[in-house]
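Asker: How does the following fold in three dimensions:
(chains A and B, ligands or ions: 3)
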Amino acid sequence: MAKVGFSDAVLKEVNALFARYPKKVHALLPLLHMAQRENAGWLPRGWEQYVADLCETTLNHVRGVVTFYNMYKTEPVGKYHILVCTCLPCGLCGGTEVLEHLEHRLGISAGKTTEDGLFSLEDAQCLAACDQAPLMLVNENLQKRITLEQIDRWIDEARAKKA
Amino acid sequence: MAQETLLLLKNMRTPGYTGDLSAYQKAGGSKAWEKVLGGMKPAQVIEAVKASALRGRGGAGFPCGMKWSFMPPLGAKPHYLVCNADESEPGTFKDHLLMLADPHQFLEGMMIGCFSMHSHHGYIYIRGESQHAIRRVQGAIDELYKAKLLGRNIRGSGFDLDLTVHPGAGAYICGEETAMLDSLEGKRGQPRSKPPFPAQSGFNACPTTVNNVETLANVPFILTQGPEAFAKLGRPNNTGTQCISISGHVAKPGVYEVEMGHNLKSLIYEYAGGIRGGKKLKAVIPGGASAGILRADEVDLPYDFDSLAKAGTMRGSGAIMVFDEDTDVVRLAERTIRFFNHESCGQCTPCREGTFWVKNMIRQFMDDAGDGVLAERIHRAAGQMIGTTICAFGDAVGGPMQAFVRKFPEEFAKHYAS
Ligand SMILES: Cc1cc2nc3c(=O)[nH]c(=O)nc-3n(C[C@H](O)[C@H](O)[C@H](O)COP(=O)(O)O)c2cc1C
Ligand code: SF4
Ligand code: FES
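Answerer: Residues are numbered from 1 along each chain as shown, chains lettered A, B, ... in the order given. Ligands and ions are numbered 1, 2, ... in the order given. Below is the predicted model of the structure:
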């Protein structure tokens, strides 16, 4: 199992973060985001306990929080983590077609990761960019007014890079 | 395009405007903050905001100055102002524009709000998916510390202030203010029963006020130009301008700034370019997914809090979703209930179970297996969520689901079992 714990440099950031809240546990959400950034976007075994110890709370409390919020993951996610908005109004402006196309092209249904670990696909709620429909969020990058051709090209490029 | 009334989007509509602190100040920014620090009393600031009659832009339209005046006098506990930048109501994207294109404007309003409520620490709660907004606002805060407009003894005033960006982690319900406070405390974001109200016991059990990004962005104008100049815009009890998010089947979706009370039909046709592809209008959801749908013949009315309430729906977050003649209204209802069912925090039975049952009933229509009795059952089940829950989410689902059934019976009839 890989090492659990932040580097000294990140621990300095953690302490700066704690200084901005009355109690350490208040910083739990940003801490969990930091932990996921250290681990390719998810929380491997041991990290929930580590974060619980860091902010002086219980493992149970951390687990409750991790399961409540969509963005925390307890299983590995793909190198490209794709959120497709199919909410209202995107869903009626091409969003549903984009999701179906991705499911077909990647051979997975929403909520799953491809076997090669390259792509994860999620069916998302409104991402506050409805005027840019249809859209997808790939890691931190919003791809706006996307066409099915652009998606095909992007998938081919990502696969070629890996090969 | 029809002319906008530019108050909040004025800077960013100027070609070449970067939104950096220097650009903001060149455009007249920071003057309100300097004026406040230069000798205004907290109570004077609150009086000015009260006189402007500014109402909250996050959804409920509560008078901002009155909310600020509910904060108790400073006692042993610290006070907090939390800026609601969660922006998760479907159809809404104006707060992101305000944060990305002119972040110093709403931050200046927030700093003034902190001063007036004796708060020395403010939190900006930004949804976790929006890393670009988080980075942008953090960058603007860094500039303010460097310019000594934040920090200790700001400009020799004796006033200390810190601002902190807090990321959410993907949960619509955290936009509800008491859920937001729990989330800010590192908990699951579940709404609290009121009372106590946040002004009595909010973040870390201390007096707290929560305000939307757009609400706060109005405050610098009110202090530099005067509350009268603000109240002259719009209509009585619905003052100022509003940043409207228009999406759906329009030619030019986007954010447009108009006076409160501007005609809804004009917004769709004169600002957003009308229905795309030359199609006819079928329906408008006028205030985010929580607002009841309107038929095409109901949209010729002033767009503000009171007029939409009178029309049986609401202005909500100022998100107008436009749908053309080819739209299947049952599909709109399905997307809406799917959203609410996914986002219910699960504390209250009517909300948790109700969203689930209504979703299943709507799906029967999607499978062309509906009938008139089932449509009535949806209406009744939706009604049982209204006024029976801890937070306003129950009303926010029940109202629109009833409106779908009542306003578009012919659309449901298309999905009856044959
Ligand atoms: C379910 C639910 C979701 C909400 N989501 C948001 C939101 O995303 N952004 C927001 O500003 N207000 C939202 N609100 C309203 C807040 O509870 C609160 O009224 C608002 O932030 C107060 O700010 P204002 O008075 O400046 O409008 C939501 C309310 C409910 C019931
Ligand atoms: S109404 Fe729904 S979202 Fe609000 S507290 Fe109850 S279960 Fe949670
Ligand atoms: S509905 Fe897709 S971004 Fe708003």
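Asker: Tell me the pLDDT of the nearest residue in space to residue A:134 that is not next to it in sequence.
Answerer: Using C-beta to C-beta, 6 or more residues apart in numbering or on different chains and skipping residues adjacent in sequence, the residue nearest residue A:134 is residue A:94, 3.6 Å away. C-beta coordinates here come from the backbone N, C-alpha and C atoms, glycine included. Residue A:94 is assigned a predicted lDDT (pLDDT) of 97.
Asker: Residue B:305: what's it in contact with?
Answerer: Residues in contact with residue B:305 (C-beta atoms under 8 Å, 6 or more residues apart in numbering or on different chains) are B:55, B:61, B:237, B:238, B:260, B:314, B:315.
Asker: what's the spacing between the residue of chain A most remote from its centre and residue B:123?
Answerer: Computed with C-alpha atoms, centre = their mean, the maximum C-alpha offset from the centroid of chain A is found at residue A:22, amounting to 27.9 Å. According to C-beta to C-beta, to the nearest Å, residue A:22 and residue B:123 sit 11 Å apart.
Asker: tell me the SS of residue 96?
Answerer: No chain specified, so I'll use chain A. Counting by DSSP: H, G, I helix; E, B strand; the rest coil, the backbone at residue A:96 sits in helix.
Asker: My question was about chain B, not that one.
Answerer: helix.
Asker: how about the nearest residue to it, chain neighbours excluded?
Answerer: residue A:128 (5.1 Å).
Asker: I'd say that neighbour and residue B:90 touch.
Answerer: No: counting by C-beta atoms under 8 Å, residue A:128 sits too far from residue B:90 to count as a contact (9.1 Å).
Asker: if we can go back for a sec, next, count neighbours for the residue nearest to residue A:134.
Answerer: By the criterion of other C-beta atoms under 10 Å in any protein chain shown, residue A:94 has 18 neighbours.
Asker: what do you get for residue A:27?
Answerer: 24.
Asker: That one: what's it in contact with?
Answerer: Residue A:27 touches A:14, A:17, A:18, A:20, A:21, A:55, B:186, counting by C-beta under 8 Å, 6+ apart.
Asker: Please list all residues in contact with the second one.
Answerer: When you say that, I think you mean residue A:17. A:27, A:30, A:31.
Asker: repeat that with 7 Å
Answerer: A:27, A:30 (C-beta atoms under 7 Å, 6 or more residues apart in numbering or on different chains).
Asker: Could you list the buried residues of the helix or strand that contains it?
Answerer: Using DSSP states H and E, residue A:17 maps to helix A:8-18. Going by neighbour count (16 or more other C-beta atoms under 10 Å in any protein chain shown), the buried part of helix A:8-18 is A:14, A:17, A:18.
Asker: so what pLDDT did the first one get?
Answerer: Residue A:14 is assigned a pLDDT of 98 by the prediction.
Asker: what does residue B:1 give?
Answerer: 64.
Asker: Equivalent analysis for residue B:63, please.
Answerer: 98.
Asker: Provide a list of residues in contact with the closest residue in space to it that isn't next to it in sequence.
Answerer: Of all residues not flanking residue B:63 in the chain, residue B:55 sits nearest, at 5.6 Å (C-beta to C-beta, 6+ apart). With contact taken as C-beta under 7 Å, 6+ apart, residue B:55 is in contact with B:61, B:62, B:63, B:64, B:305.
Asker: I'd like to know which elements the longest helix anywhere in chain A is packed against.
Answerer: Criterion DSSP state H: the longest helix present in chain A is helix A:148-162. Judged by 3 or more C-beta pairs under 7 Å, 6 or more residues apart in numbering or on different chains; DSSP states H and E, helix A:148-162 is in contact with helix A:95-106.
Asker: I'd like the distance from the helix it packs on to the chain centre, please.
Answerer: Counting by C-alpha atoms, centre = their mean, to the nearest Å, helix A:95-106 is centred 19 Å from the centre of its parent chain.
Asker: That helix: which residues count as buried?
Answerer: For helix A:95-106, by 16+ other C-beta under 10 Å, it's A:95, A:96, A:98, A:99, A:101, A:102, A:103, A:106.
Asker: residues contacting the second one?
Answerer: It stands for residue A:96. Counting by C-beta under 7 Å, 6+ apart, residue A:96 has contacts residue A:86.
Asker: what do you get for the fourth one?
Answerer: Taking C-beta under 7 Å, 6+ apart as the definition of contact, the neighbours of residue A:99 are A:84, A:86, A:110, A:123.
Asker: Hmm, residue A:59 and residue A:49 touching each other?
Answerer: Yes: between residue A:49 and residue A:59 there is a contact under C-beta atoms under 7 Å: 5.3 Å.
Asker: got the buried residues for the longest helix of chain A?
Answerer: In helix A:148-162, counting by 16+ other C-beta under 10 Å, buried: A:151, A:154, A:155.
Asker: Kindly list the main-chain dihedrals of the closest residue to residue B:252 other than its chain neighbours?
Answerer: Excluding its sequence neighbours, the residue lying closest to residue B:252 (C-beta to C-beta, 6+ apart) is residue B:273, at 3.8 Å. In terms of degrees, to the nearest 10, the main-chain angles of residue B:273 are phi 80, psi 10.
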